[in-house]
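Q: sharing a sequence plus its predicted fold:
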Amino acid sequence: MELRQLEHFLAVAEELSFTRAARRLHVVQSGVSAAIRSLERELGCALFERTSQQVRLTGAGAALLPEARATLNAAQIAKDAVRAAQDTLRGTVNVGAMASVEVVDLPALLGQLHARHPAIDVRLRLATAGSAGLAHALLRGDLDVAFLSLPERKPAEIDARELATVPLVLVVSAAHPLARRETVALADLAGEPFVDFPPGYGNREVVDRAFAAAGVVRRVALEVPDIDMGAALVRHGLGIAFLPPFAVARTPGLHVLDVHDTTLRWSMHLGTSSTRRPSSALRALLELVDLHVIAL
């Protein structure tokens, strides 16, 4: 069994397409097919079910997937050790983050990493499914590190360090009837349309959990994965929202209300795998993170 075969297997398993896998590996599709056939012959079983419509992992393929990732990760660590001995740090770091999080100056962080270690290849993925999607990608091995908001009971396979905690405040349009008040209870908000992030985002989970604990049903009318867009929708009277103060400060026309029966706080974490040893490239990035945490 060769590392090249495992690399081809992993690409097909993640893309579920021989065509996309070939494009990702920068090889011809026939080369990918030949590598998979050779691996299947060596193992004595089919790793994929192939039809004209789709490619799926067999039971054997699903069993091989985590072992292939672990083997390739171990090989990369071995390469890193040799390169470190040659005083040239190389490797790849797969980074995940949410698009509208301001706890970490991510461009500055990645820029400093590149300036110090230009041979490190950084691959950045912005979340399309919130923190839940980033956590799953960490668990699958698609990401090496993620900036995400984890629930109180985080997965055991993820090591998480809290970078910052931000309060969430209730905001309404300055023209909203509630803007004449200074304080409310959660029960007062039961009939209001809310603007919030989609399920899977950490701040959405914090608010959902607070309403559930209070036994109050709320209606989320608009879901947007962007803090500034959410603030703008509230400003124009399309709903009310719980937002971090930094978003409120830069959006005129909002009124902040005190919610006297709850205090909502949203935390940002630095997540890595607790089951995979970090590569030298990942350790180099982790060493720089604290320099780029923004005081909010």
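A: That came in fine, so what should we check first? Numbers count the residues shown, from 1 in each chain.

Q: so which strand or helix has R69?
A: Using DSSP states H and E, R69 falls within helix 59-85.

Q: what is the rounded mean pLDDT of that helix?
A: For helix 59-85, mean pLDDT rounds to 85.

Q: again with stretch 141-161
A: Per-residue pLDDT values over stretch 141-161 give a mean of 88.

Q: now the terminal residues of that stretch, how far apart.
A: Stretch 141-161 has an end-to-end distance of 19 Å (criterion: CA to CA, to the nearest Å).

Q: mind listing what's buried along that stretch?
A: 141-150, 158, 160 (16 or more other CB atoms under 10 Å). Using the backbone N, CA and C atoms, a C-beta is placed for each residue, glycine as well.

Q: tell me the bridge partners for P193.
A: P193 forms beta bridges with R219, as assigned by DSSP bridges.

Q: what's near enough to touch it?
A: By CB atoms under 8 Å, 6 or more residues apart in numbering, the contact set of P193 is 219-222, 238-240.

Q: please apply the same query to Q53.
A: Neighbouring residues of Q53 by CB under 8 Å, 6+ apart: there are none.

Q: tell me which of the buried residues of stretch 141-161 is nearest to R116?
A: V145 (16.5 Å; CB to CB).

Q: is it true that the closest one touches L282?
A: Yes. Counting by CB atoms under 8 Å, V145 touches L282, with 6.2 Å between them.

Q: quickly list what's touching both of these two.
A: Taking CB under 8 Å, 6+ apart as the criterion, V145 and L282 both touch 93, 272.

Q: what about the helices in this protein?
A: 3-15, 18-25, 29-43, 59-85, 106-116, 130-140, 202-214, 227-235, 245-249, 280-286 (DSSP state H).

Q: buried sites along the first one?
A: Residues 5-15 are the ones in helix 3-15 that count as buried (16+ other CB under 10 Å).
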